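*Asks:* Sequence first, predicted model second:
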Amino acid sequence: MTIHVIGAGVTGLSFAKACSEEVNILEACENVGGKALSYKVETKVGTFGFDIGGHWFHYKSTPAVLDILEGLELQAHTRNAFVYLHEHFFKFPIQQSYIGHPDKKFVNDVKQELQSVNNFQEYNNYEEMLLQSYGLTLYESFFKDYNSKMYGIYDLSAIGVGKFETIRNVRTHRNITGYNGDFLYPKGDIGASGIPFFLADNLKINYKKKVKSINIKNKTMVINNERVSWDTIVSTIPLNSLIGIISDVDDPVLELSKQLKSSRGMILNLGVKKTHLQGDMSWVYFPDPNLHFYRVGFYSNVESSLAPVGYCSMYVECSPLFFSNKEEALANIPTVIKELIEIGFIRSADEIVTTKAFYLAQNYCLPDTSKTKVIHHYLENAGIYSIGRYGSWHWSSQHEDMQQAWDLANKLALRDLTKAKKFPQALVTKAF
Ligand SMILES: Cc1cc2nc3c(=O)[nH]c(=O)nc-3n(C[C@H](O)[C@H](O)[C@H](O)COP(=O)(O)OP(=O)(O)OC[C@H]3O[C@@H](n4cnc5c(N)ncnc54)[C@H](O)[C@@H]3O)c2cc1C
């Protein structure tokens, strides 16, 4: 049985790595990595290194994936993150550092509300989870605006809650530092792409092979202009794009996929002169609804070789609340820079050495399990497994994508095809 893997990002590569037999990896681009991409810029002051936004390897919830990366030099780091609230920097997470807020009423309100929160409830939606986890005062001063800016949506009750969203947001008592308190990052100046490069080693990858359409009934697909047959597909492309290229997809499934929502995004990478304020911050959260970004981070504060001495390579995650397409996003850049100067992360525009912006048509998928369950069930009955952050349509990070890929490889290797034909339902539930 030939397994076709669509996409050579972290998920597709991890799946291929986990398989005992060779799989056919189809990658539309000329390189591996997908969103976990790094690049360098040579300037007159030296070389800067960048990723596409912070790509820190948070492994806590799935430590076993470190086995897949054995042999890669990863450096451990401790988060030094802040929240910029009411013109003060508070250590992140705010639910632990609010005590230092100058407004005593604010402190008392948050204290009382945190004492009565319940972390162990079932939540109907994202807004409910945040409110019940942190109380009204922190919700209104930080979580509401920050998450709206990040997801690009004002009504947070319209966002579902899957297991990954819960892991990321509930961190008051037991799991004190949260999922990203410690993280790993490839050693040296290779950047986040060190991970996909390592995974790709010894794998045969078919570059510039774009899957253009898939037919379920005939079990054929078109790669560039060539039609080939398939038994099993593991896809890592966005779930709605996958459904969109299935030529004979059932109408109700197509309709459901059209209702899936995701946020847009823009990452602005800057190489700038180091300022006192940047210090050794890892990243900073910005809930202020007037600021055009929701998070700013510093690659070279984590890995110093990513900027020349006296300089800093940084990323700015711009809020999709301020744009609805690429042109509008790019038009915001002067405002973003002005705001960064006002805060003090850059002294003046002429201290910016290099600038590059990446528009992301899909950044965060807004989870909606009532729809994605049905779509995945349909696909798996046809022999198509859609995995990874975009393939699953949830908010996972690299380590969780790797774990999911690894688990699927193990399940498929155990799969008995004769039984699968007889009991397709059981196979679907067992597959994840
Ligand atoms: C701004 C940003 C910040 C992030 N920060 C972090 C972080 O700090 N830590 C972390 O762990 N994770 C982070 N992530 C998440 C991380 O990037 C993803 O979890 C991971 O990269 C997903 O990998 P993937 O292989 O599933 O998908 P992708 O990386 O999207 O890979 C999919 C691949 O499929 C290829 N492809 C698409 N269409 C076709 C086609 N038709 N035919 C063939 N190939 C095709 C693409 O070219 C791509 O290579 C971040 C993501 C973003 C966007």
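*Replies:* Yep, that arrived. Numbers count the residues shown, from 1 in each chain.
*Asks:* is it true that residue 57 touches residue 194?
*Replies:* No - when contacts are counted by CB atoms under 8 Å, residue 57 is not listed as touching residue 194 (9.7 Å). Any C-beta I mention is one placed from the backbone N, CA and C, and that applies to glycine too.
*Asks:* ok but residue 20 is inside a helix, no?
*Replies:* No - membership of residue 20 in a helix is not supported by DSSP: H, G, I helix; E, B strand; the rest coil, which gives coil.
*Asks:* just use 59 as the starting number from now, easier for me
*Replies:* I'll keep to 59 as the first residue from here, and by that count the last item is residue 78.
*Asks:* follow-up on the earlier one: in terms of neighbours, single out the busier of residue 115 and residue 252.
*Replies:* Ranked by neighbour count (other CB atoms under 10 Å), residue 115 and residue 252 place residue 115 first, with 26 against 23.
*Asks:* Look up the residues forming beta bridges with that one.
*Replies:* Residue 115 forms beta bridges with residue 242, as assigned by DSSP bridges.
*Asks:* Now do the same contact list for it.
*Replies:* Shown in contact with residue 115 (CB atoms under 8 Å, 6 or more residues apart in numbering): 132, 241-243, 250, 253, 455-457.
*Asks:* Now for the residues you listed: which two are most distant?
*Replies:* Maximum pairwise distance in these, criterion CB to CB, is 14.6 Å, between 132 and 455.
*Asks:* So which of those two has more stuff around it?
*Replies:* When neighbours are counted by other CB under 10 Å, residue 132 and residue 455 differ, and residue 455 comes out ahead with 22 against 18.
*Asks:* who touches the more buried one in this structure?
*Replies:* Applying CB under 8 Å, 6+ apart, we find residue 455 in contact with 115-116, 222, 447.
*Asks:* closest to residue 180 among those residues?
*Replies:* Closest approach to residue 180 among the contacts of residue 455 (CB to CB): residue 222, at 15.7 Å.
*Asks:* Isn't that closest one up against residue 452?
*Replies:* Yes - counting by CB under 8 Å, residue 222 does reach residue 452; the two are 5.4 Å apart.
*Asks:* okay, and the common contacts of the two?
*Replies:* Between them, residue 222 and residue 452 share these contacting residues under CB under 8 Å, 6+ apart: residue 425.
*Asks:* Neighbour count: the two, which is higher?
*Replies:* Remark: of residue 222 and residue 452, residue 452 carries more neighbours, 24 against 18, as counted by other CB under 10 Å.
*Asks:* Are we agreed that that one is in a helix?
*Replies:* No - membership of residue 452 in a helix is not supported by three-state DSSP, which gives coil.
*Asks:* What pLDDT does the model give it?
*Replies:* At residue 452 the predicted local distance difference test score is 92.
*Asks:* what residues are up against it?
*Replies:* Neighbouring residues of residue 452 by CB under 8 Å, 6+ apart: 220, 222-223, 423, 425, 430.
*Asks:* closest to the ligand among the contacts of residue 455?
*Replies:* Compare each of those with the ligand using CB to the nearest ligand atom and the shortest gap goes to residue 447, at 3.9 Å.
*Asks:* wait, isn't the closest one in contact with residue 69?
*Replies:* Yes - contact between residue 447 and residue 69 holds when scored by CB under 8 Å: they sit 7.5 Å apart.
*Asks:* Mind listing the shared neighbours of the two?
*Replies:* Applying CB under 8 Å, 6+ apart, one finds that residue 447 and residue 69 are jointly contacted by residue 459.
*Asks:* who has more neighbours, the two?
*Replies:* Taking residue 447 and residue 69 together and counting by other CB under 10 Å, residue 69 has the greater number of neighbours (33 against 25).
*Asks:* what helix or strand is that one on?
*Replies:* Secondary structure from DSSP states H and E places residue 69 in helix 68-76.
*Asks:* Give the buried residues for that helix.
*Replies:* Across helix 68-76, burial judged by 16 or more other CB atoms under 10 Å covers 68-76.
*Asks:* After that helix, which helix or strand is next? Please name it.
*Replies:* Moving toward the C-terminus from helix 68-76, the first helix or strand encountered (DSSP H and E) is strand 82-84.
*Asks:* The next helix or strand after that next one pairs with which strands, parallel or anti?
*Replies:* Using DSSP H and E, the helix or strand that directly follows strand 82-84 along the chain is strand 96-101. In the sheet containing strand 96-101, the strands it pairs with under DSSP bridges are strand 104-109 (antiparallel).
*Asks:* pLDDT on the partner strand, on average?
*Replies:* Average pLDDT, strand 104-109: 98.
*Asks:* Run through who's touching that strand.
*Replies:* Residues contacting strand 104-109 (CB under 8 Å, 6+ apart): 94-99, 247, 249-251, 327, 329, 357-358, 361, 363-367, 369, 371, 373, 411-412, 414.
*Asks:* Now look at it and say if it contacts the ligand.
*Replies:* No - in terms of CB under 6 Å from any ligand atom, no part of strand 104-109 sits within range of the ligand; the closest distance is 7.9 Å.
*Asks:* Now the buried members of the contacts of strand 104-109.
*Replies:* Under a neighbour-count criterion of 16+ other CB under 10 Å, the subset of these counted as buried comprises 94-96, 99, 247, 249-251, 327, 329, 357-358, 361, 364-366, 369, 371, 373, 411-412.
*Asks:* Close to the ligand as well: tell me which of the residues you listed qualify.
*Replies:* Of the entries in these, those that also sit close to the ligand under the rule CB under 6 Å from any ligand atom are residue 94.
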